[in-house]
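Visitor: Predicted model follows, preceded by the sequence.
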Amino acid sequence: MSLPNPQPQSPLLTTPYDIRLSILSLILPTNIHLHQHSKHLSFSVCTGHTSADTSSPGKERLWGLTYLHPGDSDADLQARMRRYGRRLQSTWGPHWRCEEDVVRRREGEWGWDGVAGTCKSLYADVWDYIAHAGNLHVTDMTTLRLVLDGKGFLHVGNAFQHVKSLDITLVLPKNVFVAMGGEENTLISEAEQDQAATWMRSGPALASLKQLRKLNVWLDHNSRDYWWHLDESAILSPLVSLANNPSIELTVQLPNQANDDTPISPFAIERRARQENWVDIDDNGRTTMVHKLQFPIMRELEEFLAEDTGEVVSDAQERLLWRRGVDVEEAWRAVQRELNDGSYPQNAGGLG
Ligand SMILES: [Zn+2]
């Protein structure tokens with residue numbers, strides 16, 4: 001590693017350190033994504049547009065896509081579906097728009113990290129500023145490993161030992177979460193085992209960040225399979241010491257599932273609905289949409305029947321069904337088919 005050049009001719013780089021960081025704070029974002037590019041860490045701005053559609057999670061990813069009109073060709077439809085499908089499969093989860101920004105930038109648009117490329121001294125200042133002042137977002141396990149190991153930097157040491165606010169968003173293969181639960185399964189690949197091991201080792205590394213005051217963890221898998229039956233206690237176990245640290249404001253966000261009324265000490269978990277739309281791509285590259293409901297589902301039935309038992313009662317009834325082994329999604333589909341056949345309500349007992 002070579003040392004930064006002094007750059008004595010630069011007015012910016014010859015000003016005192018705290019003034020240089022103040023100047024950088026005026027031109028750089030504070031909400032920042034970290035990601036690996038060409039074996040080193042790069043950064044980009046977080047757009048902050050991460051809200052899901054409340055009536056149909058995933059629908060918001062149609063944002064900006066051209067609406068189809070009568071007479072549009074099948075090719076138009078497929079192009080739109082492919083774009084929507086890529087967004088639904090984004091490993092950046094709710095930060096899918098931030099990922100699109102990075103892809104555009106790599107295709108030639110100017111990015112904030114261009115500031116850091118000006119010279120070695122400015123590079124060091126920029127990373128110092130980011131680690132101290134920024135709310136940092138990490139959306140993949142490779143980058144998380146680089147950040148926690150203090151690697152991936154050019155010309156500077158581990159700037160992230162000073163990080164104050166960290167946001168970890170991970171959309172991983174379901175098998176990675178299965179492996180975190182300690183399940184031995186020959187279907188779990190070595191790469192998936194490796195990701196699980198990285199996560200399970202992350203607790204002590206996160207706890208060693210002495211200036212960390214805010215940590216947000218958002219987890220999901222990339223399968224339309226239910227989130228249910230994963231060992232959430234094991235998945236969260238690396239975070240126990242952080243949850244017990246009064247100096248750290250820890251937020252954990254997990255998908256809804258039928259057993260999520262059972263507390264997992266010491267965590268106060270925020271639950272959210274999973275996305276309902278998924279894509280299938282056949283051997284010819286043709287994309288089709290698949291709609292898959294996940295707990296809670298019966299609120300929709302209640303709405304349809306114009307009944308008003310309330311979400312708490314409705315969810316409690318549905319939890320019992322799932323725990324009795326009923327696939328409520330399948331049962332609800334059966335009810336819908338019966339409704340379409342005109343046989344409802346005589347045969348509407350399928351949910352029981
Ligand atoms: Zn973002």
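Guide: Yep, that arrived.
Visitor: Burial check on the residue in the stretch 251-352 of the chain that the ion sits nearest to, number of neighbours?
Guide: Relative to the ion, the nearest point of the stretch 251-352 of the chain is residue 253 (14.3 Å; Cβ to the ion). C-betas here are computed from N, CA, C, even on glycine. Counted with other Cβ atoms under 10 Å, residues neighbouring residue 253 total 15.
Visitor: For it, list the residues it contacts.
Guide: Residues in contact with residue 253 (Cβ atoms under 8 Å, 6 or more residues apart in numbering) are 216, 217, 218, 219, 269, 270, 271, 272.
Visitor: Helix, strand, or coil at it?
Guide: strand (DSSP: H, G, I helix; E, B strand; the rest coil).
Visitor: follow-up on the earlier one: tell me which two in the contacts of residue 253 are the farthest apart.
Guide: 216 and 271 (14.5 Å; Cβ to Cβ).
Visitor: Please say which of the two ends up with more neighbours.
Guide: The residue with more neighbours, out of residue 216 and residue 271, is residue 216; 17 against 14, by other Cβ under 10 Å.
Visitor: Hmm, the more buried one is touching residue 251, no?
Guide: Yes - counting by Cβ atoms under 8 Å, residue 251 is a contact partner of residue 216 at 4.5 Å.
Visitor: and for the two, which residues touch both?
Guide: By Cβ under 8 Å, 6+ apart, no residue touches both residue 216 and residue 251.
Visitor: tally of neighbours for residue 130?
Guide: Counted with other Cβ under 10 Å, the neighbours of residue 130 add up to 26.
Visitor: Any residues of the stretch 101-250 of the chain in contact with the ion? List them.
Guide: Within the stretch 101-250 of the chain, no position is adjacent to the ion by Cβ under 5 Å from the ion.
Visitor: repeat that with 6 Å
Guide: Contact residues (Cβ under 6 Å from the ion) of the stretch 101-250 of the chain with the ion: residue 137.
Visitor: all helices for the stretch 101-250 of the chain, in order.
Guide: Secondary structure of the stretch 101-250 of the chain (DSSP state H, counting those that start in this stretch): helices located at 113-116, 120-133, 141-149, 174-180, 190-207, 232-236, 240-243.
Visitor: and residue 289, which of those helices is closest to it?
Guide: helix 174-180 (20.3 Å).
Visitor: Could I get the pLDDT score of residue 19?
Guide: Looking at residue 19, its pLDDT stands at 85.
Visitor: That one: what secondary structure?
Guide: Three-state assignment for residue 19 (three-state DSSP): helix.
Visitor: give me the number of residues near it?
Guide: Neighbour count of residue 19, defined by other Cβ under 10 Å: 10.
Visitor: Would you map the helices across the stretch 251-352 of the chain?
Guide: For the stretch 251-352 of the chain, helices defined by DSSP H, counting those that start in this stretch occupy the ranges 298-305, 311-323, 328-341.
Visitor: And the nearest residue to residue 181 once chain neighbours are set aside, how far from residue 261?
Guide: Once flanking residues are discounted, residue 181 sits nearest to residue 231: 3.3 Å by Cβ to Cβ, 6 or more residues apart in numbering. Distance from residue 231 to residue 261, counting by Cβ to Cβ, to the nearest Å: 17 Å.
Visitor: All set now, cheers.
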